[in-house]
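Quick one: sequence plus predicted model below, questions after.
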Number of protein chains: 2
Amino acid sequence: MRSRAIDGRLTRPRAAVVNLIAARGSGHFTAGDLADDARRRGVAIGRATIFRTLDLLLVSGAIERLDLPDGEHAYVACRASHHHHVVCTRCGRAADVPDGDLRNVVRSVERATGFTIGDHRLELYGTCPDCERAPR
Amino acid sequence: MRSRAIDGRLTRPRAAVVNLIAARGSGHFTAGDLADDARRRGVAIGRATIFRTLDLLLVSGAIERLDLPDGEHAYVACRASHHHHVVCTRCGRAADVPDGDLRNVVRSVERATGFTIGDHRLELYGTCPDCERAPR
DNA sequence: GGCCGGTTGAGACTCGGTATCATTCGCCGA
DNA sequence: TCGGCGAATGATACCGAGTCTCAACCGGCC
């Protein structure tokens, strides 16, 4: 993750959060996961700061929020343009998916329901190529 | 909502929850909303029972869970077959949307990412025809 | 009617997330 | 380089959603 993903002051705790996220690779993570990581590495960061930094990264588009099927709120590091995520239900890895064909879907829903669609969220769950190859 | 939406015993509290949901019309609601409704109508139902009944309705397919953009968990009454929801961000009304064109999207995502997609969730946010007509 | 086991509800608990506020520290201007 | 201002921090209290426990209750079958 790029280090200037945050507007405002570049502080030690913020950099630490960004590093923790970068160190996690492409999986999704929760605020609690980051707090655990920090503790395990001996990095002292307040819980409130983790939530605040996550919010900043969210508005800057460096991460995006995911709603897992079990209702949990997770985050994934990602690029800024509008897109969606495929999440591997076995290893947790997430990949970006361009908006692409979804526009047609949105248009046909508008036609069918009369709603004017402003925003949408698509989340896809499945198994990544590696897990697909690996024995269950 | 049909009254036999629940497997197991047909008890007073369960019927009360089903009635409360039916009385809400097509909007989305949270477990807390139902608890408020119940209290306002003088119906005594334990919080735990509301959550339990909601779970039952969820597995029976009579309601579905929605993740609102603000991270809140809401529910909508709906039919059982696989579909998605458009939610009006002004009045909260929700309409069902058939799966339809989304299959193509899922297939093209599979091709692009190598993932095998098992499940997906699509949520659309916008304004319903009534709110669109009404002055802001 | 009576019994059995599923269901209920009060309340304690967990956990994600927010609010508060005194303290700390990044950063800009001199 | 230094000082000061205001943003950021973090400890802590708090809140609300959801779960767990367990004794009491009651629906439905014999």
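Now that the structure is in, tell me what you want to look at. Here the structure is a predicted model, which is why all the values come from computation and not from measurement. Residues are numbered from 1 along each chain as shown, chains lettered A, B, ... in the order given.

From now on I want contacts and neighbour counts done on CA atoms only, so please keep to that.
Will do.

May I ask you to name the longest strand in chain A?
strand A:116-127 (DSSP state E).

just checking, next helix/strand downstream of that strand?
Where DSSP states H and E defines the elements, the next helix or strand beyond strand A:116-127 is helix A:129-133.

coming back round to it: given the longest strand of chain A, what are its sheet partners and their directions?
strand A:83-88 (parallel), strand B:116-127 (antiparallel) (DSSP bridges).

Tell me the bridge partners for the spatially most central residue of chain A.
Taking CA atoms, centre = their mean, the centroid of chain A lies closest to residue A:76, which sits 2.1 Å from it. With DSSP bridges as the criterion, residue A:76 is bridged to residue A:64.

how near is residue A:18 to DNA strand C?
Noted for residue A:18: a distance of 15 Å to DNA strand C, by CA to the nearest atom of the strand, to the nearest Å.

Within the sheet, what are the partner strands of the lowest-mean-pLDDT helix or strand in chain A, with directions?
Within chain A, no helix or strand scores below strand A:94-98, which has a mean of 87 by mean pLDDT, DSSP states H and E. Paired neighbours of strand A:94-98 in the sheet (DSSP bridges): strand A:83-88 (antiparallel).

Flag every buried residue along the partner strand.
A:84-88 (16 or more other CA atoms under 10 Å in any protein chain shown).

circling back: using TSV, lay out the strands paired with strand A:116-127 together with distance to DNA strand D and mean pLDDT.
TSV is the format used below for the strands paired with strand A:116-127 (distance: least, CA to the nearest atom of the strand, whole Å; pLDDT from 0 to 100):
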stretch	distance to DNA strand D	mean pLDDT
strand A:83-88	21	90
strand B:116-127	17	91
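
Do the one helix or strand residue A:33 maps to and chain B come into contact?
Taking DSSP H and E as the definition, residue A:33 sits inside helix A:31-40. No. Helix A:31-40 does not reach chain B (CA under 8 Å from any CA of the partner chain); its nearest approach is 13.8 Å.

residues making contact with that helix?
Taking contacts as CA atoms under 8 Å, 6 or more residues apart in numbering or on different chains, the residues outside helix A:31-40 that touch it are A:17, A:20-21, A:44-45, A:47, A:50-51, A:54, A:74.

Pull out the buried residues from those residues.
Buried members of the contacts of helix A:31-40, scored by 16+ other CA under 10 Å, are A:17, A:20-21, A:45, A:50-51, A:54, A:74.

Out of those, the closest to DNA strand D would be?
residue A:45 (3.9 Å; CA to the nearest atom of the strand).

show me the contacts for that closest one.
Contacts of residue A:45 by CA under 8 Å, 6+ apart are A:13, A:35, A:38.

what do you get for residue A:95?
For residue A:95, the contacting residues are A:26, A:85-87, B:113, by CA under 8 Å, 6+ apart.

Confirm residue A:106 sits in a helix?
Yes. Counting by DSSP: H, G, I helix; E, B strand; the rest coil, residue A:106 is found in a helix.

excluding its backbone neighbours, what's nearest it?
Leaving aside its sequence neighbours, residue A:106 sits nearest to residue A:117 (CA to CA, 6 or more residues apart in numbering or on different chains; 7.1 Å).

Could you double-check that the one you found sits in contact with residue A:108?
No. Look at residue A:117 against residue A:108 with CA atoms under 8 Å: they stay out of range, at 10.5 Å.
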